[in-house]
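Requesting a structural model of the entry that follows:
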Amino acid sequence: MAPSIAIICLAIVSLASALMPRGDIGTVCKAPQGSGVCGSTVKADCNGYYVPGYCPGDDTIQCCIQAKNHACSTPDGNGICGRTEKNDCDGFYTAGYCPGDKHFQCCVPSPDPPAVIPEGDDSTEDQVASVDAVAADLLEPLDIDLDATIAANNTIIGDDIEPEDETDPLVARAAKKLTRGDLIVKAAEKWLGKKYVWSGGDCSGPTHGGFDCSGLVLHAVCKVTKKHLPHNSQAQYNLKKGKHVKLSQIKPGDALFWATGKKCGSKVHHVGIYVGKDKKGKRIVLHAPHTGTVVKKAHVWTSELCGSAVRFW
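Alright, predicted model coming up:
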């Protein structure tokens with residue numbers, strides 16, 4: 001009986017130890033970045049960022065350096081550093097602009113609702129009109145996969161371009177000087193046939209072996225203009241550095257957007273690059289559709305198409 005009693009006692013002690021707060025949590029710690037308090041990364045209750053190696057105990061106990069209201073600046077705007085686990089950013093997180101661990105990122109506030117340049121006036125800023133309600137919380141920093149949307153609505157993706165119908169808008173304008181919009185199209189055309197990869201694509205080219213829809217757009221725009229767009233179709237639509245134009249005024253290189261219920265201020269789920277028109281006068285978009293497909297050209301489909309395109313050039 002003695003061994004059994006010993007085992008039971010040991011189990012009780014182990015359980016009590018697990019339930020009791022760690023003695024090293026809450027103790028003062030000092031890291032090169034400054035003084036802080038030891039805390040559990042599992043609880044993620046740090047109002048700042050964790051620095052490993054300066055607290056006793058296992059790897060989950062790290063030094064929390066307080067950094068509340070720590071200002072940050074990104075290519076998409078200024079913000080406040082915050083922890084992504086708390087999911088309390090009224091905008092979108094951008095990594096690489098805050099000190100500390102990878103979960104401490106710059107929260108850039110959601111921009112004001114976009115404006116559309118009225119038809120017939122491509123430059124008069126004082127005549128712009130708001131087209132959407134105030135932008136709601138943005139989606140996660142990466143595009144959602146469209147598979148579920150396609151299953152619910154098989155018209156969401158336009159039909160592919162037949163070779164005999166296609167004409168090259170850039171060749172048709174060969175006698176004229178190419179615009180930066182034309183060059184954006186060319187930058188994207190380089191990757192025709194590249195497979196769709198969720199979260200793929202950056203300024204340098206494909207990542208993880210391919211592109212998703214916003215990754216292709218941000219790459220082509222960055223390649224030509226050096227502007228760094230967020231890797232999210234909703235954030236791209238709402239971005240202040242983009243100029244919204246009516247569909248009747250779109251030019252090659254403009255970004256076309258699709259949103260659930262055409263609620264473009266908050267429900268954008270897809271983006272592509274406008275190429276021009278084919279021989280039959282149908283509009284063409286170049287995009288990375290969804291998992292299982294490749295970067296391709298298709299006829300523009302009007303289901304859920306937003307009423308304005310965005311010009312980043």
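
Against residue 234, how distant is residue 38?
Using CB to CB, to the nearest Å, we find residue 38 at a distance of 38 Å from residue 234. C-beta coordinates here come from the backbone N, C-alpha and C atoms, glycine included.

Of those two, which one has the most company?
Set side by side, residue 38 and residue 234 show unequal neighbour counts under other CB atoms under 10 Å, the larger going to residue 234 at 29 against 21.

longest strand anywhere in the chain?
strand 268-277 (DSSP state E).

Low-confidence bits of the stretch 1-150 of the chain, can you list those?
By pLDDT under 70, the low-scoring segments of the stretch 1-150 of the chain are 1-23, 76, 87, 90-91, 110-150.

how about the helices of it, start to end?
Counting by DSSP state H, counting those that start in this stretch, the segments of the stretch 1-150 of the chain that form helices are 2-19, 147-152.

rewinding a little: so after the longest strand of the chain, what's the next helix or strand?
The element immediately downstream of strand 268-277 (helix or strand, assigned by DSSP states H and E) is strand 283-287.

What strands line up against that following strand, and which way round?
On the basis of DSSP bridges, the sheet neighbours of strand 283-287 come out as strand 268-277 (antiparallel), strand 296-299 (antiparallel).

Could you point out which of those sits nearest residue 33?
Each of the strands paired with strand 283-287 was scored for nearness to residue 33 using CB to CB, and the closest is strand 268-277 (37.6 Å).

CA atoms only for that closest one - export them in CSV, please.
As requested, C-alpha coordinates have been extracted for strand 268-277 and formatted as CSV (Å, rounded to 0.1, in the frame of the first residue of the first chain):
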residue,chain,number,x,y,z
VAL,A,268,-14.1,43.0,-50.4
HIS,A,269,-13.0,39.5,-51.1
HIS,A,270,-11.1,39.7,-54.4
VAL,A,271,-9.0,42.0,-56.6
GLY,A,272,-7.5,41.9,-60.0
ILE,A,273,-5.8,44.1,-62.6
TYR,A,274,-7.8,45.6,-65.5
VAL,A,275,-6.0,44.8,-68.8
GLY,A,276,-8.2,46.4,-71.4
LYS,A,277,-10.8,45.0,-73.9
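
For that strand, the averaged confidence score.
With pLDDT averaged residue by residue, strand 268-277 scores 96.

Any buried residues in that strand, and which?
Residues 268, 269, 270, 271, 272, 273, 274, 275, 276, 277 are the ones in strand 268-277 that count as buried (16 or more other CB atoms under 10 Å).
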